[in-house]
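In: mind looking at a prediction? Sequence and model below.
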Amino acid sequence: MAKTFIHDAAECVRVKEQDLDWKLYHILAADPSKGEEELAAIACVSPDQIRSSMDRLVLASLVERSDAGYRVLSIQEMLLRCQARHDKSCPFFLENGVLKMKSMPDTSDE
C-alpha cells in the first residue's frame, strides 16, 4: 500500500499502488516539470515509492523516462509502443524512443 496526499484535508491516507500511479500520471500530465522529490512531497510518499510507481507507468507505456525526468506519452506514442512490443508481425521496433525498421528476411527468388 502507498500513501497519497489529500490537499483539502492536509492529511495522508493509504491507497493502492494503482491509485498512486493514476495520481502521478495526472500530476505529470498537468505539470511535466515535476521531479521525483516534488512528486513525493505532493503525493506524500517516499521517493522510492515514486520510482516504483514511475517504473510501472513506464512498463505500461504511459510515461517515458529520460535524463530530464518523466514525460507523459501521447496516445499515438502509447499505441506504437504497445504494437511494437506485442505484435510479432510488426515491421518496426523502438530503440531509445526512435522507430526503426526490422530487417526483413529476403524473400526474392534468386
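Out: Now that the structure is in, tell me what you want to look at. On a predicted model such as this, the values are computed, not experimentally measured, just so you know. Numbers count the residues shown, from 1 in each chain.

In: would you map the strands across this structure?
Out: Here the chain has its strands, by DSSP state E, at 2-6, 11-15, 63-66, 69-72, 92-95, 98-101.

In: any low-confidence regions in this protein?
Out: 1-15, 104-110 (pLDDT under 70).

In: domain parsing for it?
Out: Domain segmentation of the chain under automatic domain parsing yields 2-73, 74-104.

In: tell me which residues of the last one come out buried.
Out: For domain 74-104, the neighbour count (16 or more other Cβ atoms under 10 Å) marks 77, 80, 81, 84 as buried. Where C-beta positions appear, they are placed from N, C-alpha and C, glycine not excepted.

In: tell me what the residue nearest the centre of the chain is bridged to.
Out: By Cα atoms, centre = their mean, the mean C-alpha position of the chain lies nearest to residue 63, the distance being 2.3 Å. Residue 63 has these beta-bridge partners by DSSP bridges: residue 72.

In: number the chain from 44, please
Out: In the new numbering, first residue 44, that becomes residue 106.

In: does it touch residue 117 like I think?
Out: No: judged on Cβ atoms under 8 Å, residue 106 makes no contact with residue 117 at a distance of 11.4 Å.

In: and which of the buried residues of domain 117-147 is nearest to residue 95?
Out: residue 124 (20.2 Å; Cβ to Cβ).
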